[in-house]
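Following is a predicted model, sequence given first.
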Amino acid sequence: MDRRGLVSVLLAAAIVGAPVAPALAAGEDFIPLLVYRTGPYAPSGIPIANGFVDYFALLNERDGGINGVKLAWEECETQYKTDLGVECYEKLKGKGAAGALVVNPYSTGITYQLIPKAAVDKVPILSMGYGMSASSDGRWFPWVFNFPTNYWSQASAVVRYIGHQEGGLDKLKGKKIVHIYHNSPYGKEANPTLDELSKKYQFELTLLAVDHPGQEQGATWLQVRRINPDWIFMSGWGVMNQVAVKEAASKGFKMDHFIGNWWSANDADVIPAGDGAKGYKGATFHAPGTKFRVHADIFKILYDKNKGAGRREAVGEALYNRGIVNAMYTAEAIRTAMGKFGNKPLTSEQMRWGLEHLDVTEQRLDQLGMKGFTHPIRVTCEDHEGSGPVLIQQWDGAKWEIVSDWMAPMRDVVRPKIEAAAVEEGKKLGYPMRDCSKEK
Amino acid sequence: MTELLYGVAVAPFKDMVGSPAFFVEVLTGGVFAGLMYSLVALGFVLIFKASGVFNFAQGAMVLFAALTLVGLLERGVPVVAALLGTTAVMIALAWIIERLVLRPLVNQEHIILFMATIGLTFFLEGFGEMVWGANVKKLDIGIPDRSFIVAGVQINELELSAAVTAAILVAVLAVFFHRTRVGRALRAVADDHEAALSIGIPLKTIWMIVWSVAGIVAIVAGIMWGAKSGVQFSLSLVALKALPVLILGGFTSVPGAVVGGLIIGVGEKVGEVYWGPLVGGAIENWFAYVVALAFLLVRPQGLFGERIIERV
Amino acid sequence: MIYREAGQFKTSYASDQAIFPIAQDRWFVGLATVAAFVVPPLAANEYWLQAVLIPFLIYSLAAIGLNLLTGYAGQLSLGTGGFMAVGAYAAFKLTTAFPPLNIIVVFVLSGLVAASVGLVFGIPSLRIKGFYLAVATLAAQFFLVWLFNKVPWFVNYASSGTITAPNRAVFGVILTGPNATAPVRYVTALALVVVFALLAKNLVRGRVGRSWMAIRDRDIAAEIIGVRPLRTKLLAFGISSFYCGVAGAELVFLYFGSAETLAFDVTLSFLVLFMVIIGGLGSILGSFLGAAFIVLVPILLTNAPQTVGLHLPVALQKQIELMVFGGLIIFFLIVEPLGLARLWQISKEKLRLWPFPH
């Protein structure tokens, strides 16, 4: 056989070797995990995925699953790319005993392209603190959840925090605030809210866009230097974060007046800047670190037995803990649904009910070993967001520390905007508005 | 209408004159950024000059070099040894590329060789990440990262040292090309493969040397860019920043890469700072190409490119 | 033996110049087309249709578009993503502004919009050549994507900043939007690509295609024999952009369902260029083969370890996949630098003689 013959054989072999789904054990609750452990966003993707997997593994190992039903999951690598996201979703949505219970896309692009499919495929989407802000209105988006809080709430909570630091919201008058944002729909999310707040509290707002991927931000920081703002808020992603923190540090900006949003304040974002990053702040909706009972369990039951998903030292990173919170919400929603539909494997529609009636109380958090780890949350038919409050964390050179109380978002400003946007986005998809008083 | 015209044609210039210190700062910022682009562009130029290959993998080589260096440093290898080790790895890589990719594809069209380097890019990205991991790593080679102010102009030490490094690198390369035996052979190969072969210049060795030198340039670029953002996968995207520089400066000119870098760097910074706000900002990326395009319409072969003489 | 053309006599110029002059080819292509329309919608599951076949068809169309420009007319372009974005945003604007308009008509119109944008960015091609021309097209790429991202009018001032395919029906069948089923979307994409591939094939066989190739091979010589460079090059840019525009509209309306500008960034331009080179420059068939290679091989590689029962961590699997994919590209180029289409042609010639080697 000559070389070309070999090629045809290889091609034929490749075509025959088509994907075949491995059988999963019946009687499990299946959660697909769209992860990105490789590619340019892997530094953020790895801790999130590990947090997820560790918490699910903990539930299986420690409690034998949820109410006797084991959790099953399968990872699929998206590299944060939309087309791979489609592939992963299509591959995993039908797996498990009753299909995927809920999808966590972990990418704005993938979330947007899954939202229209969610209602058709009847697979709920939990885009925790990202995705489409308008989906906070559950009347229009029954299948999409973005609790505990969204970008618009976050922006308003950060403004509240800045007001606190300045000695009251009325002191914001005349202050200069710069929003540095990733030049994409994600980065622009906070702009309208900030714009409205700047009129309300009369601070000077400057919006500076950084084009993807954001490795070279010279011009942006030149403008920052000229404006000489009192505060900087940043909605960054990927390499943009590391470069921005480094630029701010080397240009001598006061780091404790530089606040990243919750996708711009992971451990990986500040490490390249070294000591210069000291003082940098970030928004979050859960605590960093490992001082909670749930972490003790994770160490004891998983890492001490070499069953952990990642490196031991990486447990407790900001985004690792975000993975845990997300997994906890998922598990609690399953538990909620089981409370109504019985302790057996769920369907995705039952799961949707569970998500919509999720009520994680202070007491429940304590039982889960997460007292003080995150804020209690209650989801309703109207409100898929919950307007959860926001914490501010600060990098001390080695780890994140919480430096604020829970900052409540300005719901009076944000919610009307959400409802208006939901009408517009919902109509675009041809959805009707649900009447929540008729929902059980 | 007059307002718009004023905003485009008058206000920015008034602004420049109005605060000269800041204007100088924008210019220096542009120069520094431009030299950073040149660092990447140089690698492209070297390879294109000697082997006619548009090396798409240059970005991946920058990433791979930086990953290797940081990986060695993390394992406790002293800085000098790590640098030497990385150099050795890049030379080995050049040897493998010459053997497995270039030699079987000798005499093929440019576009085919270009495609082969794309295959190389995929391979290096996968391999680098598999060996060294996908996390962001801090690259600390002892360059201070502070700023000082001279006459109201803020200058960053890291950027300054990157600029100096780039300048030294270009000088060394210029000497290497013009004053050494190997350099002369390289230029001969660049001019005419067959003529060079016929007077006894070993083409394969020359290619290996060129790819090795490009690998070493990649190490320098990797260090400088890696010091900015940490060493991570995104480093392979810096290649995109070098494209307008390359096109402007010409694919075959070392000084072109530097001058092109300076023009693009200064052009995009001035454009973004003074004209960007008019249209909502973030114009840097396409503005660089528009600057390059404007130059190309006057000189289609690039600033320092060889004049294209067409015969039928 | 199987592939023997003895006894097939051509008695007219028309039959001699047919696209498929050999009966076996005609039969094979005809049957394959019919099979493509019938088999997958009935046999394939949603994963195959949605994640593999639909993107393959759409990328094929884009690759044909770029191949017309780069392969036939010899003008290197890295603006494919930008032109596809024009098609996508034009389709979105048109169908939201005139909802009753037939969606297929919308696709064609958005292709025309993309064509006119392509014409504008093709103008520098008269003066700039080769790799240098890439700058003009890259300027188009970065500028267009920036424009769609920056101007909210393009997304109808949506707070989300994205475009979404609405439900649109033709003759009562929903073709696009969330309620369109995968088989319907597949057939739509297939029908479009078959029609446009046939058009392209005829275009490159005719006067236009020949003038493109003349320009590609030696532009000055072409000028001397009476081919007008400006018109010919601009026509190539226009028609190529038309194809890319339709493909871009399909990308959002039949595949993603919803998209932001990042979906059209420069990596998409490179991806389509890879398809054209690996498939074969100057070959319509090559566009299909190239798209198949770039779309299918990674997916097959991703799923291969699981198929044989090997469960690797996803990261390691992806890294190995990248390495194998890169290696395969180099391997195929070494085996046949002129692309997969040439490989196909060679195997056809072999089949002609088979089983007798001489």
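It's in.

Buried ones in stretch A:273-291, by neighbour count?
Neighbour-count burial for stretch A:273-291 flags A:273-274, A:276-290 (criterion: 16 or more other Cβ atoms under 10 Å in any protein chain shown). Using the backbone N, CA and C atoms, a C-beta is placed for each residue, glycine as well.

Flag every residue of chain A that's near chain B.
A:37-40, A:42-43, A:46, A:183, A:207-211, A:213, A:215-216, A:218-220, A:222-223, A:225-226, A:238-239, A:242-243, A:246, A:249-252, A:268-269, A:271-272, A:274, A:276 (Cβ under 8 Å from any Cβ of the partner chain).

residue contacts, the residue of the stretch 1-150 of chain A found nearest chain B?
The minimum distance from the stretch 1-150 of chain A to chain B, using Cβ to the nearest Cβ, falls at A:Ala42 (3.5 Å). Neighbouring residues of A:Ala42 by Cβ atoms under 8 Å, 6 or more residues apart in numbering or on different chains: A:36, B:129, B:134-135, B:232-233, C:315.

same deal with A:Asn67?
Per Cβ under 8 Å, 6+ apart, neighbours of A:Asn67: A:335, A:338, A:343.

Any figure for the gap between the residue lying closest to the last one once chain neighbours are set aside and A:Gly339?
The shortest distance from A:Asn343 to any residue that is not its chain neighbour, by Cβ to Cβ, 6 or more residues apart in numbering or on different chains, is 4.1 Å, and that residue is A:Asn67. A:Asn67 sits at a distance of 9 Å from A:Gly339 (criterion: Cβ to Cβ, to the nearest Å).

do A:Ile402 as well
The value you get for A:Ile402 to A:Gly339, if Cβ to Cβ is used, is 32 Å.

Just read off the phi/psi values of the closest residue to chain A within the stretch 1-150 of chain B.
When scored by Cβ to the nearest Cβ, the stretch 1-150 of chain B has B:Ala134 as its residue closest to chain A, at 3.5 Å. Main-chain torsions, B:Ala134, degrees, to the nearest 10: phi -100, psi 0.

Grab the nearest non-local neighbour of the residue sitting nearest the centre point of chain B.
With distances taken as Cα atoms, centre = their mean, B:Val40 lies nearest the centre of chain B, 1.5 Å away. Spatially, and ignoring its direct neighbours in sequence, B:Val40 is nearest to B:Ala242 (3.9 Å; Cβ to Cβ, 6+ apart).

Can you flag which of the buried residues of stretch A:273-291 belong to strands?
Assigned to strands by DSSP state E, the following of the buried residues of stretch A:273-291 qualify: A:281-284.

The residue nearest to B:Val40 sits in which helix or strand?
Per DSSP states H and E, B:Ala242 falls inside helix B:238-249.

and that helix, what does it pack onto?
helix B:20-51, helix B:58-74, helix B:254-270, helix B:284-298, helix C:130-150 (3 or more Cβ pairs under 8 Å, 6 or more residues apart in numbering or on different chains; DSSP states H and E).

does the third one come close to chain C?
Pointing back at helix B:254-270 there. No. Helix B:254-270 does not reach chain C (Cβ under 8 Å from any Cβ); its nearest approach is 11.0 Å.

What's the mean pLDDT across the following helix or strand past that helix?
Toward the C-terminus, helix B:254-270 is succeeded by helix B:276-279 as the next helix or strand (DSSP H and E). Within the predicted structure, the mean pLDDT of helix B:276-279 is 82.

Show the contacting residues for residue 122.
This is for chain A. So A:Lys122 contacts A:143, A:348-349, A:352 (Cβ under 8 Å, 6+ apart).

sorry, should have said chain C
C:75, C:233-234, C:236-238.

Between which two of those is the distance greatest?
C:Gln75 and C:Gly238 (11.7 Å; Cβ to Cβ).

Who has more neighbours out of the two?
C:Gln75 (26 against 19; other Cβ atoms under 10 Å in any protein chain shown).

so the more buried one sits right up against C:Ala134, yeah?
No. The criterion here is Cβ atoms under 8 Å, and C:Gln75 misses it with C:Ala134 at 9.7 Å.

The residue nearest to the centre of chain B contacts B:Leu240, doesn't it?
No. Assessed by Cβ under 8 Å, B:Val40 is found out of contact with B:Leu240, at 9.3 Å.

And for B:Ala206, the neighbour number?
To be clear, residue B:206 is Ile; Ala isn't right here. Neighbours around B:Ile206, by other Cβ under 10 Å: 22.

List the contacts of the residue of the stretch 151-300 of chain A found nearest chain B.
For the stretch 151-300 of chain A, the residue positioned closest to chain B under Cβ to the nearest Cβ is A:Pro272, at a distance of 2.8 Å. By Cβ under 8 Å, 6+ apart, the contact list for A:Pro272 reads A:242, A:245-246, B:136-139, B:228-231.

Now, those residues that are in helices?
A:242, A:245-246, B:228-229 (DSSP state H).

Looking at those, state which has the most neighbours.
A:Val245 (31 neighbours).

So that one sits against A:Ala273, correct?
Yes. With contact defined as Cβ under 8 Å, A:Val245 and A:Ala273 form a contacting pair (4.7 Å).

Mutual contacts of these two, please.
With Cβ under 8 Å, 6+ apart as the test, A:Val245 and A:Ala273 both reach A:Tyr280.

where does chain A dip in pLDDT?
A:1-26, A:440 (pLDDT under 70).

which parts of the stretch 151-300 of chain B sit against chain C?
Residues of the stretch 151-300 of chain B lying near chain C (Cβ under 8 Å from any Cβ): B:240, B:243-244, B:247-248, B:251, B:279-280, B:282-283, B:285-286, B:289-290, B:292-293, B:296-297, B:300.

burial count for residue 204?
Since no chain was named, I'll use chain A. 15.

not quite, I wanted chain C
21.

and the gap between it and C:Phe83?
Taken as Cβ to Cβ, the span from C:Val204 to C:Phe83 is 19 Å.

count of neighbours near B:Val172?
11.

Oh, that last question was meant for B:Ala81, not what I typed.
Residues lying near B:Ala81 (other Cβ under 10 Å) number 11.

in a strand, that's where B:Gly76 is, yeah?
No. Counting by DSSP: H, G, I helix; E, B strand; the rest coil, B:Gly76 is not part of a strand but coil.

Phi, psi for it please.
Per-residue torsions, B:Gly76: phi 80, psi 10 (degrees, to the nearest 10).

What pLDDT does the model give it?
87.

any idea how far B:Ala82 is from it?
Counting by Cβ to Cβ, the gap from B:Gly76 to B:Ala82 is 10 Å.

Compare those two (neighbour count), which wins?
More crowded of B:Gly76 and B:Ala82, by other Cβ under 10 Å: B:Ala82, with 20 against 7.

The one helix or strand that one maps to - contacts with which helices or strands?
Here B:Ala82 sits within helix B:79-97, counting by DSSP H and E. In terms of contacts (3+ Cβ pairs under 8 Å, 6+ apart), helix B:79-97 is packed against helix B:58-74, helix B:203-229.

which one of those helices is the most hemmed in?
Among the helices and strands packed on helix B:79-97, ranked by average contacts under mean count of other Cβ atoms under 10 Å in any protein chain shown, first place goes to helix B:58-74 (a mean of 26).
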